[in-house]
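A.B. asks: Take this sequence and fold it.
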Amino acid sequence: MTLAPTGLWISIAVLALGTFGFRFAGVTLRSRITLSPQVLQGLTAASVILLMALVATATIFEGQAFAGASRVTGVAVGGVLAWRRAPFVVVVLAAAGVTAGLRWCGVG
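C.D. replies: Numbers count the residues shown, from 1 in each chain. Sure, this is the predicted structure:
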């Protein structure tokens, strides 16, 4: 199903207005709403869980298929280095190097 040009522009405008509304509401309501420490802790945990779920799915799958052991291993190496607080450039280069090396050796 494709949208006509008019429908596409209307969709873009609605999404833009919705995004602006959410951001504006956050700024204006921040001083009016107080959240308990338990709720703030829960929101922090939820954001970390969502980010980890995104990383896991992007690491393990490419489309509908398994991305391969080389990608999973490269991301794992990068994750360990990030956890050990290595510089960002080192994390990225090590993850890319491990992935490329494994692919060069024929590992999927």
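
A.B. asks: Local confidence estimate at the nearest residue to Val107 once chain neighbours are set aside?
C.D. replies: Nearest residue to Val107 in three dimensions, chain neighbours excluded: Ser70, at 4.9 Å (C-beta to C-beta, 6 or more residues apart in numbering). Quick note: C-beta positions are derived from backbone N, CA and C, even for glycine. Predicted confidence (pLDDT) for Ser70: 94.

A.B. asks: Number the chain from 59, please
C.D. replies: Noted, 59 is the first residue going forward, which turns the last one into Ser128.

A.B. asks: Can you report phi and psi for Ser128?
C.D. replies: Phi and psi for Ser128, reported as degrees, to the nearest 10, are phi -70, psi -40.

A.B. asks: Tell me who's in contact with it.
C.D. replies: For Ser128, the contact set (C-beta atoms under 8 Å, 6 or more residues apart in numbering) comprises Val156, Thr157, Leu160, Arg161, Val165, Gly166.

A.B. asks: switch to 7 Å and redo it
C.D. replies: Applying C-beta atoms under 7 Å, 6 or more residues apart in numbering to Ser128 gives the contacts Thr157, Leu160, Arg161, Val165, Gly166.

A.B. asks: Same check on Thr131?
C.D. replies: Going by C-beta under 7 Å, 6+ apart, Thr131 touches Val156, Leu160.

A.B. asks: Next up, identify which helix or strand it is on.
C.D. replies: Thr131 belongs to helix 127-141 when assigned by DSSP states H and E.
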